[in-house]
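Trainee: coords below, sequence missing:
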């Protein structure tokens, strides 16, 4: 990785564990100042400590990113502590219960869409004024293999991640003349702590089960983080609106 990332102000959501943690550590290792955003207070604090022990700079902001007040705090803290917002990584997300559409409750639908799609929208909207003022900026969204097909998750999660792809492309078109790029990674199976609470006998999980035979190798969070870092780097300066599968070829099957 070149040194073009050094010193930038980077927000990583869902950074208390998994892909977000790996991305936060990787950005910090390049010399970036990282705001670690997560619902998990202990997890976010631990990542900040890891970064600081390695000589990096980080600060944690915790809370529900589906709430505008938390989004405002995240953005204001990054701007005040680090002088702006250069990179936003919308990584925080939750799984659904693999439910088929007829079995999705209002509560599950609203919660999954709020965390997976509304929060990235709120955060992107909040950081855009800072990027527009600077005349540059990068947004990298974590979509999913479920954003590329209908057979990788339940109805709520699939809809939310398809929405992330649409949000990513809209941002790319709307702001490319302002020096702002927007891309997304689509992880396949990845070894993280994300919880799938599914009843295997229900219609949704039973219908989806056979399709997971093509899953391929389960990746490490660091492999996903490497793709995120690339899209945030100047090496990707002409990549905008791209939806990058990081899935060991699952999407090619």
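Mentor: Received it, and whenever you're ready, just let me know what you need. What you see is a predicted model, and the numbers here were worked out from it, not measured in a lab. Numbers count the residues shown, from 1 in each chain.
Trainee: give the pairing partners of the strand ranked longest in the chain; include direction for each.
Mentor: Looking across the chain with DSSP state E, the single longest strand is strand 180-187. In the sheet, strand 180-187 lines up against strand 137-142 (parallel), strand 243-246 (parallel) (DSSP bridges).
Trainee: tell me the most buried of those strands?
Mentor: strand 137-142 (a mean of 27; mean count of other Cβ atoms under 10 Å). Every C-beta, even on glycine, is put in place using the N, C-alpha and C of the backbone.
Trainee: quickly find the element holding residue 131.
Mentor: helix 119-134 (DSSP states H and E).
Trainee: wait, residue 217 sits on residue 248?
Mentor: Yes - Residue 217 is within contact range of residue 248, at 4.5 Å (criterion: Cβ atoms under 8 Å).
Trainee: more neighbours, the two?
Mentor: residue 248 (17 against 12; other Cβ atoms under 10 Å).
Trainee: excluding chain neighbours, what is closest to the more buried one?
Mentor: Once flanking residues are discounted, residue 248 sits nearest to residue 216: 3.6 Å by Cβ to Cβ, 6 or more residues apart in numbering.
Trainee: residue 162 versus the one you found, what's the distance?
Mentor: 21 Å (Cβ to Cβ, to the nearest Å).
Trainee: do the same with residue 111
Mentor: Taking Cβ to Cβ, one finds residue 111 at 17 Å from residue 162.
Trainee: more neighbours, these two?
Mentor: residue 162 (18 against 15).
Trainee: in what helix or strand does that one lie?
Mentor: helix 155-175.
Trainee: circling back to that earlier point, other SSEs contacting the helix holding residue 131?
Mentor: Judged by 3 or more Cβ pairs under 8 Å, 6 or more residues apart in numbering; DSSP states H and E, helix 119-134 is in contact with strand 9-13, helix 68-82, strand 87-90, strand 137-142, helix 155-175, strand 180-187.
Trainee: list the buried ones in that helix?
Mentor: Residues of helix 119-134 classed as buried: 119-124, 126-128, 130-131, 134 (neighbour count, 16 or more other Cβ atoms under 10 Å).
Trainee: so the longest strand of the chain versus helix 155-175, what angle?
Mentor: Inter-element angle recorded for strand 180-187 and helix 155-175: 150 degrees (by axes from the mean of the first three to the mean of the last three Cα atoms, to 10 degrees).
Trainee: contacts for the worst-scoring helix or strand of the chain on mean pLDDT?
Mentor: Lowest by mean pLDDT, DSSP states H and E among the helices and strands of the chain is helix 203-208, with a mean of 83. Helix 203-208 is contacted from outside by 97-100, 102-103, 151-155, 198-200, using Cβ atoms under 8 Å, 6 or more residues apart in numbering.
Trainee: buried set for it?
Mentor: 204-205, 208.
Trainee: residue 33: which of these is nearest?
Mentor: Proximity of the buried residues of helix 203-208 to residue 33 (Cβ to Cβ) peaks at residue 208, which lies at 40.7 Å.
Trainee: what separation do you get for that closest one and residue 47?
Mentor: 32 Å.
Trainee: and if you look at residue 9?
Mentor: 17 Å.
Trainee: count the residues that sit near the closest residue to residue 188 other than its chain neighbours.
Mentor: Excluding the flanking residues, the one nearest residue 188 by Cβ to Cβ, 6+ apart is residue 247, at 2.8 Å. Counted with other Cβ under 10 Å, residues neighbouring residue 247 total 25.
Trainee: thanks again, I'm all set now.
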